[in-house]
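Peer 1: From the sequence below, what's the structure:
(chains A, B, C and D)
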4 protein chains.
Amino acid sequence: MTSQPEDADRRTYSYLGPAGTFTEAALAQVPEARAQIWRPVRNVGEALSDVVEGRSDAAMIAIENSVDGGVSTAQDALATMPGLRIVGEYLVPVDFVLVARPGTKLEDVSLVAAHPVAYSQCLQWLSRTLPGHAHIPASSNVASAMGLIDGTSDADAAIAPPGILDHHELELLAEKIGDNLNAVTRFVLVSRPVAPPPPTGADKTSLIAELPDDHPGALLEMLEQFATRGINLSLLASRPIGDELGRYRFVIDADGHIEDERMADALLGLRRFSPKVIFLGSYPRADRVIVRYPDRYSDDVFIEARDWLRGLISGEPES
Amino acid sequence: MTSQPEDADRRTYSYLGPAGTFTEAALAQVPEARAQIWRPVRNVGEALSDVVEGRSDAAMIAIENSVDGGVSTAQDALATMPGLRIVGEYLVPVDFVLVARPGTKLEDVSLVAAHPVAYSQCLQWLSRTLPGHAHIPASSNVASAMGLIDGTSDADAAIAPPGILDHHELELLAEKIGDNLNAVTRFVLVSRPVAPPPPTGADKTSLIAELPDDHPGALLEMLEQFATRGINLSLLASRPIGDELGRYRFVIDADGHIEDERMADALLGLRRFSPKVIFLGSYPRADRVIVRYPDRYSDDVFIEARDWLRGLISGEPES
Amino acid sequence: MTSQPEDADRRTYSYLGPAGTFTEAALAQVPEARAQIWRPVRNVGEALSDVVEGRSDAAMIAIENSVDGGVSTAQDALATMPGLRIVGEYLVPVDFVLVARPGTKLEDVSLVAAHPVAYSQCLQWLSRTLPGHAHIPASSNVASAMGLIDGTSDADAAIAPPGILDHHELELLAEKIGDNLNAVTRFVLVSRPVAPPPPTGADKTSLIAELPDDHPGALLEMLEQFATRGINLSLLASRPIGDELGRYRFVIDADGHIEDERMADALLGLRRFSPKVIFLGSYPRADRVIVRYPDRYSDDVFIEARDWLRGLISGEPES
Amino acid sequence: MTSQPEDADRRTYSYLGPAGTFTEAALAQVPEARAQIWRPVRNVGEALSDVVEGRSDAAMIAIENSVDGGVSTAQDALATMPGLRIVGEYLVPVDFVLVARPGTKLEDVSLVAAHPVAYSQCLQWLSRTLPGHAHIPASSNVASAMGLIDGTSDADAAIAPPGILDHHELELLAEKIGDNLNAVTRFVLVSRPVAPPPPTGADKTSLIAELPDDHPGALLEMLEQFATRGINLSLLASRPIGDELGRYRFVIDADGHIEDERMADALLGLRRFSPKVIFLGSYPRADRVIVRYPDRYSDDVFIEARDWLRGLISGEPES
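Peer 2: Residues are numbered from 1 along each chain as shown, chains lettered A, B, ... in the order given. As a prediction, the model looks like this:
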């Protein structure tokens, strides 16, 4: 007997698997995802397709500074797959462990399995601690460890995320072996289009926009849509559109919520300006920091101005 | 018997009198003013007070490049008297005549009566034609001629607007004696607040705005409200607020009508930005020139963007 | 015997005369002008022609908020007469007196001589103090009083600048009769082109500039030349160029000196941008208020950047 | 006997090795590098250290859209290692081949060795052509093929750059198997600081700049340094500075050469604005496309404005 709800009643969440990845650690931060179906997939494209095509209700994907790789891919997928909406943001420290088959000792390690990206991020620690080691490339951060367990790898140890220890019997040889202890990856939870979660005062709005043409100042004009409404950008990344070198789209995170008057007004301006703008969602910031902005951009000011304009058009004297 | 309507049914128009002024010539261009009561007043303040206090339905005042004087006064009066709205614009060529008592000949003229401003605007002609003349100052362009008629002036001739000949028996000694034959004065018809006349495609919108403070770039930011919506300004005049040197308000004529989406949006931006903005009216341009603007600022684009935003907030997929 | 230098050794200053005008009061503030030749002229054009054609070394002219009239004329003259440079600025309170022939009492006054502009600026006081008076127009602020002295005027009293009392035997009936006690007129001293007086830290730079064409945003772009270098404008006035309605030149006073790095850089930007820019001069402000600006626009920052650029071009490593 | 110059006389070029990489293909485009020493290294950090520490004269590194990986790493290395200068730009098509030991046939292939990034870029072709294959991860694009040769790999075939065939006896099973046939990688040649190569009219200038602080509009202000001088940006990429989420530096490629007046002026503006700006170099564009810009930003205009300013300061009349 189990207290689990029936599968038919449960929601499905796709994530980059298998169990033990950083992405799984991000999904574990979502209260609504507890006791629901977690569907491991092989890449971000598969995760987003699951959502678009209805196999999942939502997908957790890395969007910035990832060590699972695939961040550009995630931005490009969001830019090209219609019908997606970000509904939440989660931060996971990038924190590697060195694991081995039970009984292994650190001084016995000479062959280290690791995804090439993870390997390069632990290189200082490895050079210092295991100067004579050799590297066996693995196809993912978890595959490195799985090879130890299923015997398909000749490696003595593997670099993996800490989550691996929740799922497998492995010896922990060392932890926090990444060269940058402050590294963190930002993940987002993506669903089909829904009304945005209500404003909390600590929100961000994610967008992807193209510029009207390649004239000097087009990017400037796009950014003015935000600056002239007192909106700060926490992310501005250019991504090649891919049809030719030198053509970019811009991935934008702006402080505030679509239901904030200043953000709504900025979105109107952006829509009028840009040949293609994708609204990815307004959602609470992972760090819950309240957005500050000058008083002159408060909702009151926008509402008062609209009342004034309405009065002018109807012929009322100005107050 | 007369076909005139009863006075009680007629509208009253104040204008800078007496009969014969350039302002009267402007009022003569208003079809609705025909056969109504024309009320001559002594200055622009009196004309506007008539409107505000209900003695008149409208007032015709010079607003730019006037030779009746008083243009700054008009701008300042509009800035400080609440409850006024511009409903029409009229152009009158600045065109002086030299007149005298019947029987006078040009070669007999040695003393010329003229308002000092009019005098200075005909000085080249006078120096050439009447090199030995002397100037007797008059208090207005019409008073110069009235003194000839009522015998209170010692002058032999007077400089006056052409309209003087419609009202008085005077000898026309010379016409078009102004030094700048292209000079023109712009007049506006002012009423109490009413709904603006409907857009014609050839409209202008008049505003007076103060800047939030004296920091570098405040004027810039104000002008961006127009430039970022593709709106051209046909007039930008700074006027001292009068409380101290260096503080200005700005008198603005912008191409377009308050019911144009781009203008409405600019007015909202201006209202949010400026500590004090006065909407003086949207009305057809005197020159009837259709306002041109880039397609990206057309009404359609604004309406489409609002529909898009509404869809996003309600959770619809983007189209 | 006299301590006056010979005329041949003395400098000549033109000013709007005759003795007693506000312009004479401005000239009296110039230490270098003492014991030199003061040449009264009839209008600002004559004053400036004296300088250009070498009859005078300098001319004092009203440039803002004048009650002697002629301010627009001064701005337009500076815009169209080449070969002039402003070298100093002076402020004179606009302060009228009511004067009469000796022995006259205030209660005897019924006819008041006044220049029409001065008359309008004292109208509140006159209406309150002499409600039954009548106005006799005069051609200037001093001519009003001269008519009393030489008997050519029927007036009982005249409105004139306080300076009139230094030159003529007149009864002072009332002082400070202007309706705005804070009114002040700004004068400038104009010479032929010379190197600007050295920077004092409390300087202004006067310019006249035209815009490249009538596209939305041209004025904006001109103002950015100043704003992007942290330069505040204390005056921005549009003046019709005069060839057709809607074409303007801009009269600009900018805080700072041409030898300040940020101002020199702004002037370079303005010169490159504007089809016609006239440098009228850099000179100490009349109010001696030190110009404040953000540290990032200090001379050091400009000089350091140039050194850096020079190093890059020569191939030095960056410091 | 050999025609090679002595090693002591030859220049050394570091590149991502071993022989056969895309980076080697880029280096092969450099005429000056022929018959010089080519030093293969393992990553971009090593290549740049070689230059900084004098082991090499120059290094070829991938800087945009690379499939050898490491582009962000390259941008970050240039941002943090002082004493480097870009002197040339080269484009290499991203074009994979499938190779095997001699005698192997395509239909025999079931295990494919590939770097994970290259693998993902050929996935469509592999799924279509070898639907039943399995992937063996390799640590680099060349290592995949080397394992076939030295027998350390169980794979039947390997994905590699076309250059591999110049260096090793391998069977070419298929070419142009990448999913995006237009993909191209941009490489730059990096040396120690030297005077930039002379302008060709088809140049770009590479920069890295930080923003003064996180206020809305700081990025805007940085971009204005270019837009207000008519300079187009061909690359704008934000890179996390790495100390905390949300802090970025910007990698910029601007059209033009540091010896162009408008670029020199923009660099001065940028230096004054930015707390940290790194000049990476001005060098000919790989595509040799002449840079177009409005006439108002030509060298003449800058030089004329400087002459004008100099004249003003020395007191000459304006011409």
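
Peer 1: ok, so what distance separates the residue lying closest to A:Leu211 once chain neighbours are set aside from C:Ser120?
Peer 2: Closest residue in space to A:Leu211, ignoring its immediate chain neighbours: A:Ala218 at 4.2 Å, by C-beta to C-beta, 6 or more residues apart in numbering or on different chains. Using the backbone N, CA and C atoms, a C-beta is placed for each residue, glycine as well. Separation of A:Ala218 from C:Ser120 (C-beta to C-beta, to the nearest Å): 52 Å.

Peer 1: So which bits of stretch A:241-261 are buried?
Peer 2: Buried residues in stretch A:241-261, counted by 16 or more other C-beta atoms under 10 Å in any protein chain shown: A:242, A:245-246, A:248-261.

Peer 1: re earlier: tally up the residues packed near the residue nearest to A:Leu211, please.
Peer 2: 19 (other C-beta atoms under 10 Å in any protein chain shown).

Peer 1: Surely it and A:Pro212 touch.
Peer 2: Yes: between A:Ala218 and A:Pro212 there is a contact at 5.8 Å, judged by C-beta atoms under 8 Å.

Peer 1: Among the buried residues of stretch A:241-261, which are located in strands?
Peer 2: Taking DSSP state E as the definition of strands, those contribute A:Tyr248, A:Arg249, A:Phe250, A:Val251, A:Ile252, A:Asp253, A:Ala254, A:Asp255.

Peer 1: and the least confident of these?
Peer 2: Lowest pLDDT within those is found at A:Tyr248 (79).

Peer 1: For that residue, name its beta-bridge partners.
Peer 2: A:Pro240 (DSSP bridges).

Peer 1: can you list the residues of chain A near chain B?
Peer 2: Residues of chain A lying close to chain B by C-beta under 8 Å from any C-beta of the partner chain are A:82-83, A:85, A:192-196, A:212, A:221, A:224, A:228, A:258-259, A:264, A:267-269, A:271-273, A:278-279, A:296-297, A:301-302, A:304-306, A:308-309, A:312-318.

Peer 1: Where does pLDDT dip in chain A?
Peer 2: A:1-6, A:65-71, A:214-216, A:242-246, A:318-319 (pLDDT under 70).

Peer 1: mind listing the strands for it?
Peer 2: A:12-16, A:37-41, A:58-64, A:85-93, A:97-100, A:111-114, A:134-137, A:157-160, A:171-175, A:184-191, A:203-210, A:233-240, A:248-255, A:277-284.

Peer 1: Select, out of the ones you listed, the one closest to D:Ser140.
Peer 2: D:Ser140 sits nearest to strand A:134-137 of all the strands of chain A, at 8.6 Å, using C-beta to C-beta.

Peer 1: can you list the domains in chain A?
Peer 2: A:7-93+A:184-191, A:97-175, A:203-300 (automatic domain parsing).

Peer 1: These: which one's closest to B:His133?
Peer 2: domain A:203-300 (58.7 Å).

Peer 1: And the closest one, end to end?
Peer 2: 19 Å (C-alpha to C-alpha, to the nearest Å).

Peer 1: Am I right that A:Ala158 is in contact with A:Ala100?
Peer 2: Yes: with contact defined as C-beta under 8 Å, A:Ala158 reaches A:Ala100; the gap is 7.2 Å.
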